[in-house]
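K.L.:
Sharing a sequence plus its predicted fold:
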Amino acid sequence: MSDPSTDLQIDAARLPVMLTTLRLPSIARHWHTFATRADREGWGAARYLAALCEHELTDRASRRIARHLVAAGLPRGKTLATFDFAAVPTIRKAQLLSLGAGDPWIEQGGNILCFGPSGTGKTHAAAAIGHALVEGGRRVLFSRTTDLVQKLQAAHRDLSLPALLSRLDRFDCLILDDLGYASKDQAETAVLFELIAERYERKSLIITCNQPFSEWNSIFPNAAMTVAAIDRLVHHATILEFNAESYRKRTAAAFAEG
């Protein structure tokens, strides 16, 4: 007849291996601590198992968010918590917080368009919204527009543009920074337009630009493409105007005074 205490020791020794095989690292780390607490507080088996599973799910979500933040390529330090709302009175804190929550605009494939002079906080706001979206479980990719356009153009030359667009489709939101610096080269802007058209009403874009719509003929090579791009972007869009004094100019002035 087997000794119950010996059987328990054997089971305890096997648990780490089994939990690692099942890819349950949090339960593997914490089962013994939870078991001690369960014995002390008189938990039943269901409560003990539920507590372990809840801990595993929470840790798994945290690890997934950490991976997605790395993959997003967002600028460091540009979050809603660090955004200087007092310096940009045209931007309401409640609105950015709501956009960062994601629903319902991102469910509808809506866009956010940020306009204003250089250095007024457009990139910070876009990145902050992206950061909040990732923390909420969404997938986001941040890129300078010129960098992404070059990748799209290279894929077009290699006849792999559909595959690249499909990979980009995994992201709930693409953040295209500095759209106004995109070249008016027909091959480059054609692939940019294809990206905009591909995501229209399905997946979201956040775009920052220092040029108003009236000057977008400097981005796209012809009037018809300009109108078509604006039409797709504006439909279901939130437009944010950044008309404050330049962040960088103000910081430089403060540094000079100091």
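P.N.:
Sure thing, it's come through. Numbers count the residues shown, from 1 in each chain.

K.L.:
Can you name the next helix or strand after the helix ranked longest in the chain?
P.N.:
Looking across the chain with DSSP state H, the single longest helix is helix 45-72. With elements assigned by DSSP states H and E, the helix or strand that comes after helix 45-72 is helix 93-101.

K.L.:
now whichever helix or strand comes after that next one, how far from the chain's geometric center?
P.N.:
Downstream of helix 93-101, the first helix or strand assigned by DSSP H and E is strand 111-115. Averaged C-alpha coordinates place strand 111-115 at 15 Å from its chain's average position (CA atoms, centre = their mean, to the nearest Å).

K.L.:
where are the low-confidence patches of the stretch 151-258 of the chain?
P.N.:
Applying pLDDT under 70 to the stretch 151-258 of the chain flags residues 182-184, 244-258.

K.L.:
which residues of the protein fall in helices?
P.N.:
For the chain, the helices defined by DSSP H cover 4-21, 25-41, 45-72, 93-101, 122-135, 145-157, 161-168, 186-199, 223-234, 247-257.

K.L.:
In the third one, which of the residues would be classed as buried?
P.N.:
Put plainly, it is helix 45-72. Residues 48, 51-52, 55-56, 59, 68, 72 are the ones in helix 45-72 that count as buried (16 or more other CB atoms under 10 Å). (Each C-beta comes from the backbone N, C-alpha and C, glycine too.)

K.L.:
From those residues, pick the one nearest L176.
P.N.:
Nearest to L176, judged by CB to CB, of those is A72 at 13.4 Å.

K.L.:
Pretty sure that closest one sits against A132.
P.N.:
No: in this structure, A72 is not within contact of A132 by CB atoms under 8 Å, at 11.4 Å.

K.L.:
rewinding a little: same for the longest helix of the chain, what does it pack against?
P.N.:
The contact analysis (3 or more CB pairs under 8 Å, 6 or more residues apart in numbering; DSSP states H and E) places helix 45-72 against helix 25-41, helix 122-135, strand 140-144.

K.L.:
Turn these into TSV, including mean neighbour count.
P.N.:
As requested, those are arranged in TSV below (neighbours: other CB atoms under 10 Å):
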stretch	mean neighbour count
helix 25-41	15
helix 122-135	24
strand 140-144	21
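
K.L.:
and of these, who's closest to W216?
P.N.:
Among the helices and strands packed on helix 45-72, helix 122-135 comes nearest to W216, with 15.9 Å by CB to CB.

K.L.:
any idea of the angle the closest one forms with strand 111-115?
P.N.:
If you take axes from the mean of the first three to the mean of the last three CA atoms, to 10 degrees, helix 122-135 sits at 160 degrees to strand 111-115.

K.L.:
Could the C-alpha coordinates of helix 122-135 be exported in PDB?
P.N.:
Presented in PDB, the C-alpha positions along helix 122-135 are these (Å, rounded to 0.1, in the frame of the first residue of the first chain):
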ATOM      1  CA  LYS A 122       1.200  65.600 -33.300                       C
ATOM      2  CA  THR A 123       3.600  62.700 -33.100                       C
ATOM      3  CA  HIS A 124       3.400  62.600 -29.300                       C
ATOM      4  CA  ALA A 125      -0.400  62.500 -29.400                       C
ATOM      5  CA  ALA A 126      -0.500  59.800 -32.200                       C
ATOM      6  CA  ALA A 127       2.100  57.700 -30.300                       C
ATOM      7  CA  ALA A 128       0.200  58.100 -27.000                       C
ATOM      8  CA  ILE A 129      -3.000  56.900 -28.600                       C
ATOM      9  CA  GLY A 130      -1.100  54.000 -30.100                       C
ATOM     10  CA  HIS A 131       0.400  53.100 -26.700                       C
ATOM     11  CA  ALA A 132      -3.000  53.100 -25.100                       C
ATOM     12  CA  LEU A 133      -4.400  51.000 -27.800                       C
ATOM     13  CA  VAL A 134      -1.700  48.300 -27.300                       C
ATOM     14  CA  GLU A 135      -2.300  48.300 -23.600                       C
END
